[in-house]
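Asker: prediction below, plus the sequence it came from.
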Amino acid sequence: MRIDSMTYFNSGLVGMQDNQAAIARLNQQIATGQKLLAPKDDPLATEKVLGLSNRVAVRTQFSSNQDRASLALKYENTVLTEMDKTLTSARSLIAGLSPSHDASLLNVHAQQLEGYARNLLSLANTRDPSGNYIFGGFDTVNAPYTNPLDGSATSTTYGGTPLTPTVTAPDGQTAPGGSRWMEIDVGRYIQTNDNLDSVFQSGVANNDLLQELDDAVAKLAGPTITQAEIDGLVTLIDTAIGNLERVNHRVSAAYGEVADVQDTTNTLLLQERNALGDLQQVDQAAAIVELQNRQTTLQAAMQAYAKTASLSLFNYLG
Amino acid sequence: MPSGILGIAVTGLNAAQAGIRTTEHNISNANTAGYRRQEVGFGPSQAQYSGTGYFGNGVEVTTVRNQFSQFLDQEVLLNQSQLSRHETFSAQASQIDKLLGDAGSGMSTAMDAFFGAVNELANDPTSNAARQVLLSAGNNLAGRINTLDSKLRDYRTSSNSQITTLTDSVNTLARQIAQLNGNISRSEAVNGQPANDLRDQRDVLIANLNKLVNVSQLQQPDGSTNIYIGSGQALVVGTQTNAMGSVQDPNDSGLLLPTVDVGGATMTMSASMITGGELGGILAVREQVLAPAFEDLNRIAVSIGLEVNRVHRAGLDYNLNAGGAFFTDPIAAAAGNTGVLRMTLGNDLQLTGDNYSLAYDGTDYTLTRNLPDGTTSTTVGNLAAVNAVASSQGFTLSLPTAAVAGDSWSINLKDYSRSMSMVLTATSQVAAAGSTADGPGDNSNALNLAALQTSTMLNNGTVTLASAYNQTVSRTATLASEADLNRSAFAALTTEAETAQKAVSGVSLDEEAANLIRFQQAYQASAKAIQVATSLFDTLIGALR
């Protein structure tokens, strides 16, 4: 076959250029650690990468939501536990009293009970670290519970979000007005706050916990308290403790649910990140081996060129 | 004339010289682009009859012709025009592919960040910081969409200037070819011999032209060649040329299409007519990559704008006022309107990307759609009748506050990805609370906003925002990678065809070296013959002395 001189010279060039392009690309892959330098390098893998990246982003966000939800629930749980302790202390204090006790002793107990009442009120008006009232529903800027606790007949008022109408989560759960949800997984919502209506029963005659405690403080200081009143108060506190524990159980259950979802989320997140890494990251060892190969081929191409380029019939014609 | 033994030897000398001369010409042009090696044609001179037979009269140079195969030349042109097309396509598609798919310039990260901020707002609805982050993320998302839009628009603009430049170059080359056509036919008519070097020059010009736009050619008996482009539109006929130009695309005022003036009429060339060369690549990438990317971007932007606004308006802001538009509302109300018009996203795949206007005259609504070709189509009737048309074009209209006669609105869906921006400016305007809230701690509307991230609102309610965008990216990536494959394939085919072509037409220095020796020896032999003839004469003269 006839080969013209230009083709003869250039044939070596194509090989060198191809190898150089491949080496440049390998260098870039090794330097960036990325297998796919542009989506077109592997459209199928790109689609997977984009889908996975998006899932990772969404899941990371849910993971962050879960952290926030569990923080809020943990905080509420701490407050409720403290409230429970205070109520239990108040109960044992009152249960141990009798109208026949010495007036000065009853007076001391009155002060102690007032302390408990004030503590309960301040716990009911707890604010989270950002300064938001946690038991006032959506009204986070005003203290939800007010009672002067001055022995007057003023009943406790609740100024937070009314409990009716109920509110509905995007997934259909309903809860009393003022309940807030957080999305902890796709379409899965968890209630992250509660109301203390069942505990304080504010404004309900004879069941208004703070007001009854305030009354008892005044009557102990009197002392005009009767055994029936003591018994009634103990019953009321028992009810309050029962209801408080019910609220706290909901909080603990929700906390547990978030923890479960968190486990799943973290496992999936790890898997997805690994899959993403497999798709995106270059296998350094393989890349370096290939680089070595390419270099060898390039050298061979250069040597072949140098050898063939010097061949010419003119060299032999004297 | 050359008769006798001395004369015959002289023809041999002359022939050897002609051979050496052509060989030198070949050697000198070994590196000239488009040069085809030339060969001297030798033939015996007219023989002389004597009673005993025909005596040869030596050699005669009949012609000098260049070596080529028309089939192989054609093969190179065909492959080369496709190679140029795919090179152009691949280069442009790769840029668009990189733009859409890159984390730094694509929409995915901005979209994730936006919904991340919405989630943080839902987690902490009273936090001013969370609201501020959401405002920034919204701005960033709208800004990212604007940037993508303007980059894609840049590619459109640059495709226009490329078309203008290319048609100019085509015209220049066509004029040069026509001029050479004239030179070739004249000199061949005068001398009756092929004008080898002029023909080579013309073929180089044709090859260059063919890289810009795929051509077909028709050889004429007088040595000139006619050049046709597209579906047979003549560009060069003998020494005449038809000029190429450009004209505004009737269906898209922002684009230019190439034209060719044939017989006084201007003919517009579409992508289906010009299938090769750089011009073919530009038209194809515009139609197959750029236009769909643009449509998708606008469609996704409109969907985000409409859906986010719909949810945001349903909520209450920090001060418990009704939420307003979050992103630019496509609907612009005329001054003095009483009615309030709202737009809801239907099947996004049916969105036209056109602008509309709606007017109410007290009894009927008139919906006017501005079609891309400059005409309008109108629908007149009650709201249900208008919506019957609107819903077939991807949206529905509603009037929370009834319209009165004289109210009118414009609906700007065209170029929404360019005009989209944040409407909210203050953190207190973010409507995180539901419609029944009595305090800023309500996050129910923020939850609804966050749910948009995972809701399947696009592609007629089948995929999420992120997947819809990913589909756009992967479609572009597939086209770009296909173009890369085609480019390598046609590069290989072109190289192969060129190698085959050069095997016929190219200069081989070794071959020329051998020829040089061959003619040198022929020359020496002829010279020897002269010497012999001389000594014969000397002998004869000596015998007579």
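Answerer: Good, I have the coordinates.
Asker: count of neighbours near residue 161?
Answerer: This is for chain A. 24 (other CB atoms under 10 Å in any protein chain shown). For every residue, glycine as well, the C-beta is placed using N, CA and C.
Asker: chain B, not that one
Answerer: So B:Ser161, with other CB under 10 Å, has 11 neighbours.
Asker: which element follows the helix or strand where it lies toward the C-terminus?
Answerer: Counting by DSSP states H and E, the element that carries B:Ser161 is helix B:128-191. Downstream of helix B:128-191, the next assigned helix or strand under DSSP H and E is helix B:196-212.
Asker: pull out the buried residues from the helix or strand following that next one.
Answerer: Downstream of helix B:196-212, the next assigned helix or strand under DSSP H and E is strand B:215-219. By 16 or more other CB atoms under 10 Å in any protein chain shown, the buried positions in strand B:215-219 come out as B:215, B:217.
Asker: can you give me the angle strand B:215-219 makes with helix B:128-191?
Answerer: Interaxial angle of strand B:215-219 relative to helix B:128-191 (axes from the mean of the first three to the mean of the last three CA atoms, to 10 degrees): 0 degrees.
Asker: could you list the paired strands of the very next helix or strand once past strand B:215-219 along with their orientation?
Answerer: Later in the chain than strand B:215-219, the nearest helix or strand by DSSP H and E is strand B:225-229. Paired strands of strand B:225-229, with direction, are strand B:215-219 (antiparallel), strand B:233-237 (antiparallel) (DSSP bridges).
Asker: nearest to A:Leu13, of the ones you listed?
Answerer: strand B:215-219 (28.2 Å; CB to CB).
Asker: got a list of contacts for the closest one?
Answerer: B:77, B:81, B:206, B:209, B:225-229, B:232, B:235 (CB atoms under 8 Å, 6 or more residues apart in numbering or on different chains).
Asker: so how far is it off the chain centroid?
Answerer: Relative to its chain's centre, strand B:215-219 lies at 23 Å (CA atoms, centre = their mean, to the nearest Å).
Asker: quick revisit: among the contacts of strand B:215-219, which one lies nearest to chain A?
Answerer: For those, the closest approach to chain A (CB to the nearest CB) belongs to B:Leu77, at 18.0 Å.
Asker: so what's that closest one up against?
Answerer: B:206-207, B:210, B:215.
Asker: of all those residues, which two lie farthest apart?
Answerer: B:Ala207 and B:Val215 (9.6 Å).
Asker: most neighbours of all the contacts of B:Leu77, which one?
Answerer: Greatest neighbour count in the contacts of B:Leu77, by other CB under 10 Å, goes to B:Val215: 26 neighbours.
Asker: which one is that residue nearest to, not counting chain neighbours?
Answerer: B:Ile227 (5.1 Å; CB to CB, 6 or more residues apart in numbering or on different chains).
Asker: same deal with B:Phe326?
Answerer: B:His312 (4.2 Å).
Asker: name the SS class of the one you found, please.
Answerer: Put simply, B:His312 is helix when judged by DSSP: H, G, I helix; E, B strand; the rest coil.
Asker: would you confirm that the residue nearest to B:Val215 contacts B:Ile206?
Answerer: Yes - using CB atoms under 8 Å, B:Ile227 is in contact with B:Ile206, at 6.9 Å.
Asker: who touches both of those two?
Answerer: B:177, B:215, B:217.
Asker: per-residue confidence at the residue of the stretch 201-318 of chain A found nearest chain B?
Answerer: Closest approach of the stretch 201-318 of chain A to chain B (CB to the nearest CB) occurs at A:Leu313, with a separation of 4.0 Å. Listed pLDDT for A:Leu313 reads 86.
Asker: list the contacts for it?
Answerer: Contacts of A:Leu313 (CB under 8 Å, 6+ apart): B:509-510, B:513-514.
Asker: contacting residues for the residue lying closest to B:Ala113 once chain neighbours are set aside?
Answerer: In space, and not counting its chain neighbours, B:Ala113 is closest to B:Ala137: 5.0 Å by CB to CB, 6+ apart. Residues near B:Ala137 by CB under 8 Å, 6+ apart: B:110, B:113-114, B:116-118.
Asker: report the mean per-residue pLDDT for stretch B:53-69.
Answerer: pLDDT averaged over stretch B:53-69 gives 92.
Asker: again with stretch B:311-328
Answerer: So the average pLDDT for stretch B:311-328 ends up being 92.
Asker: quick one: contacts of it?
Answerer: Contacts of stretch B:311-328 (CB under 8 Å, 6+ apart): B:126, B:131, B:138, B:142, B:304-305, B:308-309, B:342, B:416, B:419-424, B:427-435, B:437-440, B:442, B:444-446, B:448-449, B:452.
Asker: one more time with 7 Å
Answerer: B:138, B:142, B:304-305, B:308-309, B:419-424, B:428-435, B:437, B:440, B:445, B:448-449, B:452 (CB atoms under 7 Å, 6 or more residues apart in numbering or on different chains).
Asker: just stretch A:163-182 next, same as before
Answerer: The contact list for stretch A:163-182 (CB under 7 Å, 6+ apart) reads A:65, A:68-69, A:137-138, A:160-162, A:187-193, A:195, A:197, B:122-123, B:436, B:441, B:443-444, B:447-448, B:451.
Asker: please indicate which of the residues you listed are buried?
Answerer: For the contacts of stretch A:163-182, buried by 16+ other CB under 10 Å: A:65, A:68-69, A:137-138, A:160-162, A:188-193, A:195, A:197, B:122-123, B:441, B:443-444, B:447-448, B:451.
Asker: ok and the residue in chain B nearest chain A?
Answerer: For chain B, CB to the nearest CB, closest residue to chain A: B:Gly506, 2.4 Å.
Asker: my guess is that residue contacts A:Tyr8, does it?
Answerer: No - using CB atoms under 7 Å, B:Gly506 makes no contact with A:Tyr8, being 9.0 Å away.
Asker: neighbour count winner among these two?
Answerer: B:Gly506 (23 against 17).
Asker: report the separation between the residue nearest to the more buried one when sequence neighbours are not counted and B:Val507.
Answerer: The shortest distance from B:Gly506 to any non-neighbouring residue, by CB to CB, 6+ apart, is to A:Asp4 (2.4 Å). The spacing between A:Asp4 and B:Val507, counted by CB to CB, to the nearest Å, is 6 Å.
Asker: how about B:Ala483?
Answerer: With CB to CB as the criterion, B:Ala483 and B:Val507 are 35 Å apart.
Asker: the more surrounded of those two?
Answerer: Legend: neighbour count by other CB under 10 Å for B:Ala483 and B:Val507, higher for B:Ala483 (27 against 24).
Asker: quick check: which element contains the more buried one?
Answerer: Going by DSSP H and E, B:Ala483 is in helix B:465-505.
Asker: try A:Glu76
Answerer: Going by DSSP H and E, A:Glu76 is in helix A:43-95.
Asker: which other helices and strands contact that helix?
Answerer: helix A:103-124, strand A:181-185, helix A:227-280, helix B:108-123, helix B:465-505 (3 or more CB pairs under 7 Å, 6 or more residues apart in numbering or on different chains; DSSP states H and E).
Asker: those: which one's closest to A:Gly12?
Answerer: Comparing the helices and strands packed on helix A:43-95 by CB to CB, helix B:465-505 comes nearest, at 13.3 Å.
Asker: hmm, back to that, quick one: which of the buried ones among the contacts of stretch A:163-182 sit in helices?
Answerer: Using DSSP state H, the subset of these located in helices is A:65, A:68-69, A:197, B:122-123, B:444, B:447-448, B:451.
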